[in-house]
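> Let me see the structure of the following:
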Amino acid sequence: MRTTIRLDDHLMQAVKRHALESGTTVTAVITEALRERLERHRGRTSKPPAPLDLVTTGKGGLLPGVDLDDSATLMDLMEGGG
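Below you'll find the model as predicted:
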């Protein structure tokens, strides 16, 4: 799955450095870190997580001019700059 995340500049530099030193990709470093974190969290909880209900609103699909492949413009629109 493809997604966009916002990371602190210093954290991103550390991730890139670790990926380079490990001979892997930034995606692989972030994926591994998230998996490890989720496994640690799962180990502390004895009951399964409650189901997640997503509530959506609106109708008619995307607003005119919205391109889901243009993450910079999407961020600008979501932050109220567009």
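> where in this structure is pLDDT low?
45-46, 81-82 (pLDDT under 70).
> Next up, the contacts around residue 40.
Contact analysis of residue 40 by CB atoms under 8 Å, 6 or more residues apart in numbering lists nothing. Where you see a C-beta, it was placed from the backbone N, CA and C, and this is true even at glycine.
> Would you mind pulling up the elements that the helix or strand containing residue 15 packs against?
Secondary structure from DSSP states H and E places residue 15 in helix 9-22. Counting contacts by 3 or more CB pairs under 8 Å, 6 or more residues apart in numbering; DSSP states H and E, helix 9-22 packs against helix 26-44.
> now the nearest residue to residue 16 once chain neighbours are set aside: how far from residue 73?
Nearest-residue entry for residue 16: residue 26, 6.0 Å, with adjacent residues in sequence omitted and distances by CB to CB, 6 or more residues apart in numbering. Residue 26 is 22 Å from residue 73, where distance means CB to CB, to the nearest Å.
> for residue 28, same thing?
28 Å.
> swap in residue 11?
Counting by CB to CB, the gap from residue 11 to residue 73 is 24 Å.
> and if you look at residue 25?
For residue 25 relative to residue 73 (CB to CB), the value is 25 Å.
> More neighbours: which of residue 11 and residue 73?
residue 73 (15 against 9; other CB atoms under 10 Å).
> The more buried one touches residue 67, doesn't it?
Yes - counting by CB atoms under 8 Å, residue 73 does reach residue 67; the two are 6.6 Å apart.
> buried residues in the helix holding residue 15?
15, 18, 19 (16 or more other CB atoms under 10 Å).
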